[in-house]
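Peer 1: predicted model follows, preceded by the sequence.
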Amino acid sequence: MTPARNPEPCRIVVMASGNGSNLQAIIDAVRDGRIPDSKIIGLIVNRGKAFATQRAEKAGIPWEYFNLVSHGFQAKGEKDPQRVQEARDHYDAALARKLLDGDYKPDLVILAGWMYVFGKQFLGPLEAAGIKIINLHPALPGQYDGTNAIGRAFDDFQAGKIKGTGIMVHYVITQVDRGEPILVREIECREGEELSELEQRIHSHEHELIVEAAAKVTKEIQRKKGLLQQ
Ligand SMILES: Nc1nc2c(c(=O)[nH]1)N[C@@H](CN(C=O)c1ccc(C(=O)N[C@@H](CCC(=O)O)C(=O)O)cc1)CN2
Ligand SMILES: NCC(=O)N[C@@H]1O[C@H](COP(=O)([O-])[O-])[C@@H](O)[C@H]1O
């Protein structure tokens, strides 16, 4: 039987909107092998001033700014729901084409603080191409979907409604933050703790969990690629 060739490294595209500390964790883990046999082939941001772009530049990773309004899909200040939806659909389709038809051709897309909800025009083509999309979210499954999850958990802890919160990495589906969890980690809330302290603790755990989850998913991707080559 012909020996299987080592498959090409797992091609990772990271998408971010902000500071990029989780992008940095992924960069560091790919570099030192904690995310094995993988390569970050690009970063896409939807906010031009995202510090994530500077992290990518420092690491020699190509990055691209692609925005719903700045790149002409939606008029600035547009409020008409139908026009907004049409704009989002066109943006989603263009982003999917960018990933699939351009030079990216990823095996895995990692949403690391990507603050835009994808519709079917993005998710459909990527699913059809067999590309996995995973997202890091600072809450437990089904707890605080959407934005400001840490702030909402903090407020609920202060109000005595919850005893703790958590973080997860999950597969991305149409329903926001409702995709199958890959890894989940519970995080305690502490009496008298400031929001900033909780945020700092959560971010520290996130930097570990995103690496563990990315390593788990990339290993599975590479295993399947190896099998396909036999
Ligand atoms: N279809 C999906 N898209 C995205 C998911 C997902 O699970 N399914 N995860 C998010 C990440 N995310 C939470 O983990 C999240 C990010 C942003 C929003 C949101 O309401 N965005 C607004 C704009 C908010 C802003 O610009 O500040 C929007 O898209 O209109 C909700 C959840 C990534 N995408
Ligand atoms: N709903 C999505 C969401 O809230 N994502 C959150 O954005 C932050 C990005 O930090 P970073 O830019 O330093 O990586 C992280 O806390 C991540 O969980």
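Peer 2: Now that the structure is in, tell me what you want to look at. Ligands and ions are numbered 1, 2, ... in the order given.

Peer 1: every contact and neighbour count from this point should use C-alpha atoms.
Peer 2: Fine.

Peer 1: for P181, what are its contacts?
Peer 2: Neighbouring residues of P181 by CA atoms under 8 Å, 6 or more residues apart in numbering: P141, M168, V169, H170, Y171.

Peer 1: check what pLDDT the closest residue in space to the fourth one that isn't next to it in sequence gets.
Peer 2: Taking CA to CA, 6 or more residues apart in numbering, and ignoring the residues beside it in sequence, H170 has P181 as its nearest neighbour in space, at 4.0 Å. In the prediction, the pLDDT value recorded for P181 is 98.

Peer 1: so how far is ligand 2 from P181?
Peer 2: 14 Å (CA to the nearest ligand atom, to the nearest Å).

Peer 1: for that residue, give me the backbone phi and psi.
Peer 2: Main-chain torsions, P181, degrees, to the nearest 10: phi -70, psi 140.

Peer 1: in a strand, N67, correct?
Peer 2: No - judged by DSSP: H, G, I helix; E, B strand; the rest coil, N67 forms no part of a strand; its state is coil.

Peer 1: and the gap between the spatially closest residue to it that is not a sequence neighbour and E64?
Peer 2: Computed as CA to CA, 6+ apart, the closest residue to N67 that is not its neighbour in sequence is N46, at 4.7 Å. As for N46, its distance to E64 is 9 Å (criterion: CA to CA, to the nearest Å).

Peer 1: got it, and H137?
Peer 2: Applying CA to CA to H137 and E64 gives a distance of 23 Å.

Peer 1: between these two, which one's more packed in?
Peer 2: Neighbour count, other CA atoms under 10 Å: between H137 and E64, H137 has more, with 25 against 14.

Peer 1: need phi/psi at the more buried one.
Peer 2: Dihedral angles (degrees, to the nearest 10) for H137: phi -140, psi 130.

Peer 1: bridge partners for it, pull those for me.
Peer 2: With beta bridges defined as DSSP bridges, H137 has these partners: M168.

Peer 1: A helix includes I134, no?
Peer 2: No - I134: not assigned to a helix; according to three-state DSSP it is strand.

Peer 1: residues contacting the residue most central in space within the chain?
Peer 2: Centroid-nearest residue in the chain, with CA atoms, centre = their mean: L111, separated by 1.0 Å. Applying CA under 8 Å, 6+ apart to L111 gives the contacts V14, M15, A16, I133, I134, N135, L136.

Peer 1: so what sits opposite it in the bridge?
Peer 2: Beta-bridge partners of L111, as defined by DSSP bridges: M15, N135.

Peer 1: numbering from 556 from now on, please.
Peer 2: Sure, I'll start counting at 556 from here, so that last one is L666.

Peer 1: near ligand 1, which residues of the chain? Just list them.
Peer 2: Residues of the chain lying close to ligand 1 by CA under 6 Å from any ligand atom are 669-674, 690, 692, 701-702, 727-732.

Peer 1: many thanks, we can stop here.
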